[in-house]
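Q: Sequence and predicted structure below; questions after.
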Amino acid sequence: MDDREFYASILARVLIDAGAGVVVGGTDSDEIIKYMAETECCEALRKIRDILDDDSLSDEACFGRISRIVSLYEELGPGGGARHDFG
């Protein structure tokens, strides 16, 4: 995350906490925003799946991170794949 993205995430949180709304495309803006967020979430899950499927990564080097990602995947339903053989 670069500085611009970091500041944008802080600004977004401040605006949400202040009750600010976002208008995108008029009356159906809530649906548009929901669709955009869901698209981003799906992309994030795809990237996580790519990490889990990358056999070049060392479990020893990043065991905690992999464990947390795999546990979340199992909770959400797609399963942990072959990377979660550590019980």
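A: Looks like it arrived, so ask away. Owing to the predicted nature of the structure, the values given are computational and were not obtained by experimental measurement.
Q: What's the separation between Cys42 and Asp28?
A: Remark: distance between Cys42 and Asp28 (CB to CB, to the nearest Å) = 20 Å. C-beta: built from backbone N, CA, C; applies to glycine.
Q: do the same with Lys47
A: Applying CB to CB, the value for Lys47 to Asp28 is 28 Å.
Q: ok now stretch 54-68, how far from the chain's centre?
A: The chain centre lies 18 Å from the centre of stretch 54-68; the measure is CA atoms, centre = their mean, to the nearest Å.
Q: Alpha carbons of it, as CSV, please.
A: Taking Å, rounded to 0.1, in the frame of the first residue of the first chain, the C-alpha atoms of stretch 54-68 are listed here in CSV:
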residue,chain,number,x,y,z
ASP,A,54,2.0,-21.0,-5.0
ASP,A,55,4.3,-24.0,-4.1
SER,A,56,7.4,-21.8,-4.3
LEU,A,57,6.4,-20.1,-1.0
SER,A,58,8.0,-21.5,2.2
ASP,A,59,5.5,-22.4,4.9
GLU,A,60,8.3,-22.1,7.5
ALA,A,61,9.0,-18.5,6.4
CYS,A,62,5.3,-17.4,6.6
PHE,A,63,3.5,-20.1,8.5
GLY,A,64,1.4,-17.7,10.6
ARG,A,65,0.2,-15.7,7.6
ILE,A,66,-0.6,-18.8,5.6
SER,A,67,-2.4,-20.4,8.6
ARG,A,68,-4.6,-17.3,9.1
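Q: Good, wrapping up.
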